[in-house]
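> Sequence first, predicted model second:
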Amino acid sequence: MPRTRILKVDPEHPDSAALEQAAEYIRAGKLVAFPTETVYGLGANALDPSAVSAIFCAKGRPPTDPLIVHIADFSQLREITREVPPAAESLAHHFWPGPLTFVLFKSALIPPQVTAGSEKVAVRWPSHPVAQALIRLSGVPIAAPSANLFGHISPTTAEHVYADLHGRVHLILDGGPTFIGLESTVLDLTTAPPRLLRPGGIPLEALRPFLGDVTLGLSYQSESAVAESPGQMLRHYAPQRATLLLFEGEGAPLLLTMQKVAQEYQQQGQRVGILSVDEEQQAFSLPDAEVISLGSRHDLEAIARNLFASLRKLEEKGVEVILARTFPREHLGLAIWDRLYRAAQGRIIRV
Ligand code: TXA
Ligand code: MG
């Protein structure tokens, strides 16, 4: 087991000595966790099969769940894919670097471990200065899933990475909290029409003008279901110790129901946490509950940024049940809804 080193870096103007060290680790086939604008990634040289296998090992991730390859210029895109369709070309010029991942046909350069044997590879050019500098200095594309234990909440700080992966990763670049807080949007461009496989940092509404038609490829499979779209397991993003209950509704009826259900759990002796919003958190009169506001309910960017960190905070406080409200499935709200729904394993209480 490696000892985990942590190097602090300025997120906007990262120190080149720290990055050069991290790049050396990547070139040597080691694992480096690094910040991207979405969440922290657990990176390794995407062209080195044994380094890639080490990622799966460190996360406890099944080898059937493929990884995103991170690049830092267009020549790398051409090297790792068989062809770049016009839609990818125009979307890339508009949204890259940024939180948008394309699924394209892979070239022979990408080993099968990266794609779980598939002929398709997921690729993204992140905008975070630390991620970009690391990829450039390494001189290779970097395969990186979110830097959490498999099935757990994605990390938005270096502390989250350390909590899940210390002793399993060689180096963590600590660039502070990530900017967006939810993972990238995953878009399969090998099908006609293209399919949205995961809502994320770039809203579907922003993609539509470039795509004409696009289908929703979101599936919420139970663990026993055959993984037609890998990585779509319902249990994803779940807190490890607490049960999450999702409430859909509005106004006083919603808040009263949440209050009543919380009281029932407390009466059974359970520790309760509530994920609320600025406008509603005062409505709960539950002396012993942990109530956290994600931000104003109208500020979806703040809610996205705070969601994973707040779930981890409640987990650390030892709550056994978490009650959360849903958000409209528009713009960033679709990705927020998706993560909450998965964390709740599909348990929705409609008020
Ligand atoms: O924002 C992000 O995307 C972060 C940062 C680190 O870049 N990465 C991330 O990776 O969230 P991960 O491994 O946690 O999620 C990648 C998603 C999974 O749902 C996976 O199944 C899907 O992308 N994916 C990867 N390769 C694929 C492929 N060849 N075909 C279909 N889906 C693929
Ligand atoms: Mg993940």
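That came through fine. Ligands and ions are numbered 1, 2, ... in the order given.
> List the contacts of the worst-scoring helix or strand of the chain on mean pLDDT.
Lowest by mean pLDDT, DSSP states H and E among the helices and strands of the chain is strand 215-216, with a mean of 88. With contacts defined as Cβ atoms under 8 Å, 6 or more residues apart in numbering, strand 215-216 is touched by 193-196. To be clear about C-beta, it is placed using only N, CA and C from the backbone, and glycine gets the same treatment.
> Point out the least confident member of those residues, please.
Lowest pLDDT among the contacts of strand 215-216: Pro193, with 93.
> Roughly how far does the residue lying closest to it once chain neighbours are set aside sit from ligand 1?
Spatial nearest neighbour of Pro193, excluding adjacent residues (Cβ to Cβ, 6 or more residues apart in numbering): Asp213 at 3.8 Å. Using Cβ to the nearest ligand atom, to the nearest Å, Asp213 is found at 19 Å from ligand 1.
> ok, now Tyr265?
Counting by Cβ to the nearest ligand atom - Tyr265 and ligand 1 are separated by 31 Å.
> so what's that residue up against?
Taking Cβ under 8 Å, 6+ apart, we find Tyr265 in contact with 272, 320-321.
> give me the element it is part of.
Secondary structure from DSSP states H and E places Tyr265 in helix 251-267.
> For that helix, which residues meet the burial criterion?
254-255, 257-259, 261-262, 265-266 (16 or more other Cβ atoms under 10 Å).
> now the helices for the chain?
Applying DSSP state H to the chain gives helices spanning 16-27, 49-59, 74-80, 86-95, 112-115, 129-138, 158-165, 204-211, 251-267, 300-316, 332-343.
> Including mean pLDDT, could these go into CSV?
Output for the helices of the chain, formatted as CSV (pLDDT from 0 to 100):
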stretch, mean pLDDT
helix 16-27, 97
helix 49-59, 98
helix 74-80, 98
helix 86-95, 97
helix 112-115, 98
helix 129-138, 98
helix 158-165, 98
helix 204-211, 95
helix 251-267, 97
helix 300-316, 97
helix 332-343, 96
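> how close does the most centrally placed residue in the chain get to ligand 1?
When Cα atoms, centre = their mean is applied to the chain, the residue found nearest the centroid is Glu183 (3.3 Å). Using Cβ to the nearest ligand atom, Glu183 is found at 4 Å from ligand 1.
> same check, this time on Thr190
Here the criterion is Cβ to the nearest ligand atom. By it, Thr190 lies 9 Å from ligand 1.
> thought that residue was touching Thr115?
No: look at Thr190 against Thr115 with Cβ atoms under 8 Å: they stay out of range, at 12.0 Å.
> Looking at strand pairing, list the partners for the residue lying closest to Glu290 once chain neighbours are set aside.
Of all residues not flanking Glu290 in the chain, Gly273 sits nearest, at 4.3 Å (Cβ to Cβ, 6+ apart). On the basis of DSSP bridges, Gly273 is bridged to Glu290, Ile322.
> Number the residues from 644 up from this point.
New numbering, starting at 644: the last item is Gly916.
> Tell me how many other residues crowd Gly916.
26 (other Cβ atoms under 10 Å).
> Hmm, it is touching Arg955, no?
No: counting by Cβ under 8 Å, Gly916 does not reach Arg955; the two are 11.2 Å apart.
> Before we move on, what's the pLDDT of Gln875?
Model confidence at Gln875, given as pLDDT, is 56.
> cool, Val812 as well?
Val812 is assigned a predicted lDDT (pLDDT) of 98.
> Now do the residue nearest to it when sequence neighbours are not counted against Gly810, distance only.
Nearest non-adjacent residue to Val812, counting by Cβ to Cβ, 6+ apart: Leu674, 4.7 Å away. To Gly810, Leu674 is 11 Å away according to Cβ to Cβ, to the nearest Å.
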